[in-house]
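Asker: got a structure for you, letters missing:
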Ligand SMILES: Nc1ncnc2c1ncn2[C@@H]1O[C@H](COP(=O)(O)OP(=O)(O)O)[C@@H](O)[C@H]1O
Ligand SMILES: C=C(OP(=O)(O)O)C(=O)O
């Protein structure tokens with residue numbers, strides 16, 4: 001048995017390599033330089049505004065007979081889409097929680113808006129018990145009250161400390177209802193005091209105020225639309241537009257006044273209410289809280305504030321989900337997404353703030369953006385009708401499936417599980433709908449979509465780098481002449497920096513200011529918000545935006561981003577705007593602002609943004625142009641990988657798994673990032689996420705870390721987190737994981753499994769088969785890529801016995817020329833070659849080499865064209881000579897690659 005690995009001298013972008021591999025080598029140089037930099041930069045601008053190309057509707061075509069075959073139904077089937085359930089009176093006992101866990105719930109939401117702390121404590125304790133009973137890991141999300149405005153109405157607390165309003169209020173259409181901000185008024189049938197003392201300053205005659213039951217169901221009978229007829233001091237006199245029976249806790253939503261624009265009607269309530277702060281601190285001290293879900297997130301600054309607050313409580317492992325619920329949140333979505341660990345699309349609220357016909361567009365855009373960054377995205381309000389009915393409507397069932405096809409990570413159930421009559425049925429039903437939709441999700445298109453996004457981005461960044469280099473060179477020239485005329489060279493450079501910084505400030509990522517607009521314009525004074533708090537403070541980009549909204553509507557978020565961020569200028573405005581945009585981007589990669597804290601955005605967090613490595617370097621180069629004589633050169637940037645090594649490996653693992661039709665991917669992960677990157681490429685098979693606990697010292701004591709990672713993985717589609725037993729032997733962990741997977745019905749005899757792990761200093765993608773018992777690893781097929789810059793990838797693949805090894809090798813992207821017959825290997829009885837260990841048919845090593853100018857990242861490992869190009873090059877038919885090969889000593893590799901005997 002033998003194996004050959006060839007390494008290239010340097011690691012370059014995977015997409016670059018793919019691109020090169022797809023073209024005849026002789027064309028590469030020409031086509032690269034022929035790229036119109038203007039076009040490229042326009043593309044770049046669009047890319048910054050996220051997707052340039054519309055994402056296809058990923059759906060495999062099926063024949064109708066297949067469609068109507070009954071889906072497999074059995075307990076414990078893996079569903080990639082994550083189901084998160086709000087807990088309340090319908091779902092707070094151990095029994096119900098256990099049943100919900102078994103039906104597919106993987107995370108819970110405890111909503112601080114409603115229910116006392118004692119109720120939540122008891123619920124979380126019951127959940128812990130349920131998790132132990134059914135051995136299932138469940139993440140906990142705390143949802144804040146935040147900027148919610150409510151009707152103040154007395155309530156009674158039941159024996160379980162759940163509050164209830166005993167008397168529904170019957171409202172007739174046309175009836176007068178007075179909302180009042182006066183503090184001492186008691187609620188009656190037609191006078192409703194509200195919790196926000198300045199509502200009367202915000203609203204205007206003609207505005208619509210929506211009153212809905214907390215976690216509404218959208219049912220008109222419990223939703224009230226009030227038209228403001230006049231304002232008298234603290235009283236807002238309204239006319240009911242519809243009849244409704246108002247039951248339970250009532251929330252107040254002041255709807256956007258403008259039909260097609262944004263007037264930025266916002267209250268000035270803080271991100272966290274005082275109750276939120278106390279409840280998060282109290283529950284965080286007693287329970288493991290994996291996420292805080294920020295109600296009414298408006299800007300990225302909100303996310304930063306939340307991060308700092310959680311860190312101040314020592315809740316460093318708790319992640320931040322941003323709930324996007326208003327137009328303002330939509331328009332600031334880019335920044336919010338960059339800062340947050342995940343997004344909740346609050347469809348009920350967004351549905352109040354945007355027109356119904358725009359809902360699908362908004363949903364698809366937001367999901368697509370989250371998918372591009374590989375951050376989890378959840379949607380709300382999927383089966384409202386299941387609050388009272390055991391079956392969803394057709395529209396609801398289709399809506400769920402479409403969301404899965406759109407690429408959503410998970411679904412957040414609200415009233416259905418909180419107070420509905422069928423919490424377990426709701427979970428089971430949604431799980432089945434999701435599972436079936438996942439089975440027709442076109443994973444290949446999704447993968448290709450991400451890859452082509454990466455490729456485009458790289459092209460345009462390179463072109464931008466070229467143009468920046470030229471501009472910087474020009475600036476350097478200018479400096480030389482100004483120096484000669486007596487000004488300091490540094491001064492000229494700073495001038496450039498200063499301009500960049502000014503642009504950056506001007507083009508801040510949050511387009512819409514966070515604070516409110518007053519009816520009389522005096523609101524900011526009343527609230528002491530300062531000049532920027534009111535209407536006048538938001539001139540500039542704000543008025544731009546308004547124009548934009550009028551012309552193209554908010555559905556075109558991308559256009560809005562470009563306009564407001566001046567991306568449209570990008571092609572023509574030279575290095576200043578390039579620098580400014582990149583500077584802005586750079587600032588945004590600082591993530592949640594707590595850069596130095598252990599959880600805040602560190603260098604690692606920057607990996608959240610797929611193109612950050614390169615952009616950031618460009619940005620620093622650009623803003624540093626004053627210091628260096630020429631700024632970043634095209635050559636310098638050419639050395640920067642577009643996709644970082646980890647993402648490259650992650651996508652590679654997905655590709656490998658697809659090619660060998662693996663049934664499972666196993667990913668070792670410490671922080672969850674690697675697993676998330678694998679999930680981003682949406683493989684069709686489950687991703688068993690192995691978290692091996694680590695012993696860490698926080699300066700005071702040692703503790704075992706890992707559980708939080710495993711739990712937070714519960715929001716990412718496709719991940720099946722598993723907490724391993726700590727131990728030095730990675731292979732034993734892998735064996736145990738395979739057994740678990742077999743017991744869970746995820747793998748069967750002879751199935752293939754792809755493993756992504758680090759072995760010593762190498763990141764490895766292993767391709768393995770299970771033996772005839774289906775519970776043990778039959779042998780490794782190894783594809784290795786060396787880790788670290790400068791080492792360069794080298795590739796080797798090692799196939800053990802296979803029913804049709806040549807076909808398998810072909811499936812992995814090798815042409816026949818790459819295969820070396822394995823007979824010789826049989827003879828010398830290599831490590832796996834003996835009849836006794838079941839490899840008597842011999843190994844079929846795949847030889848893959850990389851010619852000098854076709855260096856590649858591991859992403860390219862299994863690209864067919866790449867393989868063909870490589871094969872041709874190796875046969876000497878292509879011009880470039882192969883890079884020097886490095887023989888890998890298989891025997892020496894054996895311990896490190898974890899070869900396991902069956
Ligand atoms: N306990 C482990 N054993 C082997 N490989 C691991 C382990 N933990 C993480 N890895 C692998 O190491 C690489 C990077 O590790 P790290 O950055 O710590 O992971 P992550 O970003 O997922 O936290 C990934 O390939 C991951 O699969
Ligand atoms: C506000 C929520 O959702 P929606 O806006 O969809 O009602 C929620 O579930 O917290």
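Answerer: Okay, I see it. In this text the structure is predicted, and so the values were computed from the model without any measurement. Ligands and ions are numbered 1, 2, ... in the order given.

Asker: walk me through the domains of this protein.
Answerer: Following the assignment in automatic domain parsing, the chain carries domains at 4-11+644-897, 23-55+455-638, 79-147+271-444, 149-254.

Asker: looking at the stretch 701-850 of the chain, what residue ends up closest to ligand 2?
Answerer: Nearest residue of the stretch 701-850 of the chain to ligand 2 (Cβ to the nearest ligand atom) works out as residue 715 at 14.8 Å. Every residue, glycine included, has its C-beta placed from N, CA and C.

Asker: residues contacting that residue?
Answerer: Contacts for residue 715 (Cβ atoms under 8 Å, 6 or more residues apart in numbering) come out as 82, 84, 106-107, 139, 291, 321, 342, 376, 378, 409-410.

Asker: go again using 7 Å as the cut-off
Answerer: 82, 107, 139, 342, 376, 378, 409-410 (Cβ atoms under 7 Å, 6 or more residues apart in numbering).

Asker: quick check: closest non-adjacent residue to it.
Answerer: Spatial nearest neighbour of residue 715, chain neighbours left out: residue 376 (4.3 Å); criterion: Cβ to Cβ, 6 or more residues apart in numbering.

Asker: can you check the pLDDT for the one you found?
Answerer: You'll see residue 376 listed with a pLDDT of 98.

Asker: in terms of contact, does it touch residue 409 like I think?
Answerer: Yes. Counting by Cβ atoms under 7 Å, residue 376 touches residue 409, with 4.2 Å between them.

Asker: near ligand 2, which residues of the stretch 51-200 of the chain are found?
Answerer: residue 143 (Cβ under 6 Å from any ligand atom).

Asker: low-confidence ranges, the stretch 351-500 of the chain, go.
Answerer: Across the stretch 351-500 of the chain, the ranges flagged by pLDDT under 70 are 457-462, 464-465, 468, 472, 475-500.

Asker: spell out which parts of it neighbour ligand 2.
Answerer: So the stretch 351-500 of the chain meets ligand 2 at 380-381, 412, 414 (Cβ under 6 Å from any ligand atom).

Asker: can you flag the buried ones in the residues you listed?
Answerer: With burial judged by 16 or more other Cβ atoms under 10 Å, the buried subset of these is 380-381, 412, 414.

Asker: tell me which stretches of the stretch 201-350 of the chain form helices.
Answerer: Secondary structure of the stretch 201-350 of the chain (DSSP state H, counting those that start in this stretch): helices at 274-286, 300-312, 327-331, 333-339, 347-353.

Asker: dump the ones you listed to CSV, plus distance to ligand 1.
Answerer: CSV is the format used below for the helices of the stretch 201-350 of the chain (distance: least, Cβ to the nearest ligand atom, whole Å):
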stretch, distance to ligand 1
helix 274-286, 23
helix 300-312, 19
helix 327-331, 29
helix 333-339, 19
helix 347-353, 31
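
Asker: show me the beta-bridge partners of the residue of the stretch 351-500 of the chain found nearest ligand 2.
Answerer: Going by Cβ to the nearest ligand atom, ligand 2 is nearest to residue 380 of the stretch 351-500 of the chain, at 3.5 Å. Taking DSSP bridges, one obtains residue 412 as the residues bridged to residue 380.

Asker: ok, for residue 123, nearest residue in space, not its chain neighbours?
Answerer: Counting by Cβ to Cβ, 6+ apart, the residue nearest residue 123 is residue 92, at 4.3 Å.

Asker: count the residues that sit near the one you found.
Answerer: 23 (other Cβ atoms under 10 Å).

Asker: isn't it right next to residue 125, touching?
Answerer: No. Between residue 92 and residue 125 there is no contact under Cβ under 7 Å: 9.8 Å.

Asker: interface residues of the stretch 551-700 of the chain facing ligand 1?
Answerer: Counting by Cβ under 6 Å from any ligand atom, the stretch 551-700 of the chain sits next to ligand 1 at 667-675, 692.

Asker: let's go with 8 Å and repeat that
Answerer: By the criterion of Cβ under 8 Å from any ligand atom, the positions of the stretch 551-700 of the chain lying close to ligand 1 are 604, 607, 646, 649-650, 667-677, 690-692, 694.

Asker: give me the mean pLDDT for stretch 735-752.
Answerer: 89.

Asker: what's the span of it, first residue to last?
Answerer: By Cα to Cα, to the nearest Å, the extent of stretch 735-752 from end to end equals 14 Å.

Asker: wasn't residue 734 part of a strand?
Answerer: No. Per DSSP: H, G, I helix; E, B strand; the rest coil, residue 734 lies outside any strand segment and is helix.

Asker: burial check on it, number of neighbours?
Answerer: For residue 734, using other Cβ under 10 Å, the count is 23.

Asker: what do you get for residue 747?
Answerer: Count around residue 747 with other Cβ under 10 Å applied: 25.

Asker: looking at this, it is in a helix?
Answerer: No. Applying three-state DSSP, one finds residue 747 to be coil, outside a helix.

Asker: my guess is it contacts residue 662, does it?
Answerer: No. Between residue 747 and residue 662 there is no contact, the gap being 9.1 Å when judged by Cβ under 7 Å.

Asker: lowest average pLDDT across the domains of the chain?
Answerer: domain 23-55+455-638 has the lowest average pLDDT among the domains of the chain, namely a mean of 37.

Asker: which parts of stretch 383-398 are buried?
Answerer: Across stretch 383-398, burial judged by 16+ other Cβ under 10 Å covers 383-387, 392, 396-397.

Asker: reformat the residues you listed as TSV; add distance to residue 282 and secondary structure.
Answerer: Converted to TSV, the buried residues of stretch 383-398 look like this (distance: Cβ to Cβ, whole Å; DSSP: H, G, I helix; E, B strand; the rest coil):
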residue	distance to residue 282	secondary structure
383	32	coil
384	32	helix
385	35	helix
386	32	helix
387	30	helix
392	36	coil
396	36	helix
397	39	helix
